[in-house]
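**Q** Quick one, what's the 3D model for this:
(one chain, ligands or ions: 2)
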Amino acid sequence: MKSIIVGTAGHIDHGKTALVKALTGIDADRLQEEKRRGITIDLGFAHLELPGADGERLRFGFVDVPGHERFVRNMLAGVGGIDLVLLVIAADEGIKPQTREHFDICRLLGIRRGITVLTKADLVNAETLAVVRSEVEDFLHGSFLGNSGAASGSSKSPIVAVSALKGTGLDELKHELVRIGRVASAKDSQAITRLPIDRVFTMKGFGTVVTGTLVAGTIRKEDELELFSAGKRVRVRGVQVHGAAAEKAVAGERTALNLAGVEKQELERGMVLASPGLLQTSSRVDVKLSLLPSAKTLKTGSRVHLHAFSSEAIATVSLYEDKQLKPGGDAYAQLRLSAPLLLLPGDRFIIRQFSPVVTIGGGVVLENDPPVRVKNVEIHSDFLGSLTDDSSRAVLRARVFARPVGGLSLAEAVMRTGWHRREIEALTVQIQEITNVAGVLIPNLTLQIARKSLIQILSGFHRQNPLVAGMTKEQLRGHFVGLAPEAFAIVFDDAVTGGQIDLAGDLVRLPGHGVVMKDEEAESRKIIEQIFAAAGLKVPALKDVLAGLKIDQARAHKIMTLLLREKVLIKVSDDLVFHQSALAELRKALATQKLISPRLDVARFKDLTGVSRKYAIPLLEYLDRERVTKRVGDARVIL
Ligand SMILES: Nc1nc2c(ncn2[C@@H]2O[C@H](COP(=O)(O)OP(=O)(O)OP(=O)(O)O)[C@@H](O)[C@H]2O)c(=O)[nH]1
Ligand SMILES: [Mg+2]
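**A** Ligands and ions are numbered 1, 2, ... in the order given. Okay, here's the model as predicted:
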């Protein structure tokens, strides 16, 4: 069943609540004070099911708002989630200040569909009704509720005259509700769940209950949700939709949740329940701001009241391009919020003047984690412009290209767009210029440049250090500090697998660019290796070995350095060097010894290895450093 949220709008006393009651049979004025004073103070709710075509049914959730100018704040808490507006104008009064203000709000929120209702039609004669109708037509001209110009067929926004008292016009109104409800775009029940809370109360036998318009996603019994901005997890004990118990609530439904894990005092209007662990609140947002023609010029640095869904905050406006925004104009701006709010790109909001409080404009959130200071306004404005693109592919592409080196992780992409991870992954596949490298999205161009740089850096290194066999991987990594580690890893691994670079132990070099040894050097190297390999643990003194070679001392030392760097030989103390194979054997022997007894003293070690004390002590100290053994008092244990 399709669910549509219908909001009322219009001046005080024009008959909004009476109209909702005439349609649904439900009195949305639930507060004592409302009944006593005969005015709506806070949001009221009602519901109605109507048959559509082909046996389908449409479910309308009504949000009835107060018309009083002092309660526009409450009106704003309800209007954020609506799909369709009933703009209520009393036929005996015509257009009044809150008719205008509510209508402006609907336009600024991007509400696309609605019906204009001329109420109290029974109080005027046909002639007056015709005059009011034509006044209203002029007023709506060119807007989403206007009927001239391109609007036609199913997108037509009707004006219906109604008497809630006599019941006239109600059938026509229901007919129009169904007609428009059928074509209104439904909210996305697959999206990441968000329920802005508009009421909190306790119910005997149920505990804490919150209500709201489910603007995205689905909520089931037993779901875990995250409470923003409290940063708390809560459990859904029960779900009600339009006043009746339900297994689940889907986007577009008026939803009540019975919550476990939270007290009533911890909850308030303006908080949001959302899918856990995916989203984050923001204290700064970049937006596209529109100022009403009726507003005063807005200077950069001004403070305003911001309303988004059921939440509100004070915002300081910082305009990107100019120092001020003229009435009727629009501009990119950064809003700094007095309290962090859960906002996602695409969310609409209203701004009201700080004092006196009147609606002056609104806009759409583009970025919920903007830079504190923008270095180049032109580039940043271009970026914000690309975020307004209708194609989600274009938007994702722009976001990835805005992070050309560090990349955009999937988790962050979810947080910054509000899209599901799987959607983003699917989009990435469609965008040719970007790659998903182990969960980090990065432009292909960056990978190409990194591949080239890798080779250039290595060949530069070889040129400057002809006597060194190569760079360590860490040294090389140091040239790519800004690059996402995942991207470096793939570029590096690909280069090794593809044979563009050689990796020997810890050393990286270009193929054929190692240290070139002359014949006698190569021969000497072989001799050294053989002597140490054959010696096992009873190694000769290094200086004796080097002195026995045919080459000079400088070259002999160069060879030694190479052998140590490649870890063929290992230095255990200043004058003791072992072949790596001998130490590997020793480790094996100790592992076997451990099975017999992990305790080891110097005498035992000497027995085991056959070496003298002169070798035993430095070897044991080396093994301690390598965490093969551990000193405990006078003895050691094998780890
Ligand atoms: N004669 C007549 N009176 C109506 C009609 N609709 C509403 N009224 C009366 O107008 C008064 C105001 O109606 P409400 O429905 O409370 O007006 P409202 O727009 O909800 O007012 P707020 O919520 O305070 O902004 C009430 O006394 C209603 O009985 C109608 O169609 N005909
Ligand atoms: Mg009312």
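**Q** State the next helix or strand along the chain beyond the helix or strand harbouring Thr561.
**A** Taking DSSP states H and E as the definition, Thr561 sits inside helix 553-565. Note on helix 553-565: by DSSP H and E, the next helix or strand toward the C-terminus is strand 569-573.
**Q** So which other helices or strands are in contact with the helix or strand following that next one?
**A** Where DSSP H and E defines the elements, the next helix or strand beyond strand 569-573 is strand 576-579. Helices and strands touching strand 576-579, by 3 or more C-beta pairs under 8 Å, 6 or more residues apart in numbering; DSSP states H and E, are helix 519-535, strand 569-573, helix 613-625. C-betas here are computed from N, CA, C, even on glycine.
**Q** Quick one: those as JSON lines, columns for distance to ligand 2 and mean pLDDT too.
**A** Formatted as JSON lines, the helices and strands packed on strand 576-579 follow (distance: least, C-beta to the ion, whole Å; pLDDT from 0 to 100):
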{"stretch": "helix 519-535", "distance to ligand 2": "94", "mean pLDDT": "87"}
{"stretch": "strand 569-573", "distance to ligand 2": "86", "mean pLDDT": "91"}
{"stretch": "helix 613-625", "distance to ligand 2": "81", "mean pLDDT": "91"}
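**Q** Dump these into JSON lines; add distance to Thr592 and mean neighbour count as well.
**A** Shown next, in JSON lines, are those (distance: least, C-beta to C-beta, whole Å; neighbours: other C-beta atoms under 10 Å):
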{"stretch": "helix 519-535", "distance to Thr592": "21", "mean neighbour count": "15"}
{"stretch": "strand 569-573", "distance to Thr592": "21", "mean neighbour count": "17"}
{"stretch": "helix 613-625", "distance to Thr592": "15", "mean neighbour count": "16"}
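**Q** Rebuild these as JSON lines, extending it with distance to ligand 1.
**A** Putting the helices and strands packed on strand 576-579 into JSON lines (distance: least, C-beta to the nearest ligand atom, whole Å) gives the following:
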{"stretch": "helix 519-535", "distance to ligand 1": "94"}
{"stretch": "strand 569-573", "distance to ligand 1": "86"}
{"stretch": "helix 613-625", "distance to ligand 1": "80"}
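**Q** out of those, nearest to Glu247?
**A** Smallest distance to Glu247 across the helices and strands packed on strand 576-579 (C-beta to C-beta): 63.0 Å, for helix 613-625.
**Q** average pLDDT for the helix or strand that comes right after that closest one?
**A** Next helix or strand after helix 613-625 toward the C-terminus (DSSP H and E): strand 629-632. The average pLDDT within strand 629-632 is 90.
**Q** List the neighbouring strands of strand 629-632 plus their orientation.
**A** Each strand that pairs with strand 629-632, with its direction, by DSSP bridges: strand 635-638 (antiparallel).
**Q** Give me the residue at the spatial middle of the chain.
**A** Nearest residue to the geometric centre of the chain (C-alpha atoms, centre = their mean): Met415, 0.6 Å.
**Q** on contacts alone, who are the packing partners of the helix or strand containing that one?
**A** Here Met415, judged by DSSP H and E, is contained in helix 410-417. For helix 410-417, the packing partners by 3+ C-beta pairs under 8 Å, 6+ apart come out as helix 392-401, helix 421-430, strand 440-443.
**Q** quick one: average confidence on the helix or strand just after the shortest one?
**A** Next along the chain after strand 440-443, taking DSSP H and E as the criterion, comes helix 444-464. Model confidence over helix 444-464 averages 93 on the pLDDT scale.
**Q** Next: stretch 169-176.
**A** The average pLDDT for stretch 169-176 rounds to 96.
**Q** Could you look up the SS state of Ile350?
**A** Under DSSP: H, G, I helix; E, B strand; the rest coil, Ile350 falls in the strand class.
**Q** partner residues bridging it?
**A** Beta-bridge partners of Ile350, counted by DSSP bridges, are His307, Gly362.
**Q** residues touching the residue nearest to the centre of the chain, list them.
**A** Residues in contact with Met415 (C-beta atoms under 8 Å, 6 or more residues apart in numbering) are 278-280, 368-369.
**Q** How about stretch 97-104 and ligand 1, any contact?
**A** No - applying C-beta under 6 Å from any ligand atom, one finds stretch 97-104 out of contact with ligand 1, separated by at least 7.6 Å.
**Q** quick one on the thing from earlier: and the helix holding Met415 with helix 392-401, angle?
**A** When axes from the mean of the first three to the mean of the last three C-alpha atoms, to 10 degrees is applied, the directions of helix 410-417 and helix 392-401 differ by 120 degrees.
**Q** same question for helix 410-417, mean pLDDT?
**A** Helix 410-417 comes out at a mean pLDDT of 96.
**Q** With stretch 502-510 instead?
**A** When pLDDT is averaged along stretch 502-510, the result is 86.
**Q** got the CA coordinates for it in PDB?
**A** Output of stretch 502-510 as PDB, limited to C-alpha atoms (Å, rounded to 0.1, in the frame of the first residue of the first chain):
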ATOM      1  CA  ASP A 502      62.300  -6.300  -7.900                       C
ATOM      2  CA  LEU A 503      61.800  -6.900  -4.200                       C
ATOM      3  CA  ALA A 504      64.600  -8.800  -2.500                       C
ATOM      4  CA  GLY A 505      64.100  -9.100   1.300                       C
ATOM      5  CA  ASP A 506      63.200  -5.700   2.300                       C
ATOM      6  CA  LEU A 507      64.900  -4.000  -0.600                       C
ATOM      7  CA  VAL A 508      63.200  -2.600  -3.700                       C
ATOM      8  CA  ARG A 509      65.100  -1.900  -6.900                       C
ATOM      9  CA  LEU A 510      64.600  -1.600 -10.600                       C
END
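**Q** Return the set of buried residues in that stretch.
**A** Within stretch 502-510, the residues that count as buried by 16 or more other C-beta atoms under 10 Å are 502, 507-510.
**Q** go on, stretch 232-246?
**A** Going by 16+ other C-beta under 10 Å, stretch 232-246 has these buried residues: 234, 236-242, 246.
**Q** partners of the top strand by length along the chain, with directions?
**A** Looking across the chain with DSSP state E, the single longest strand is strand 330-341. Using DSSP bridges, strand 330-341 pairs in its sheet with strand 282-291 (antiparallel), strand 311-319 (antiparallel).
**Q** Nearest to Gly217 among these would be which one?
**A** The closest approach between Gly217 and any of those, judged by C-beta to C-beta, belongs to strand 311-319 at 17.6 Å.
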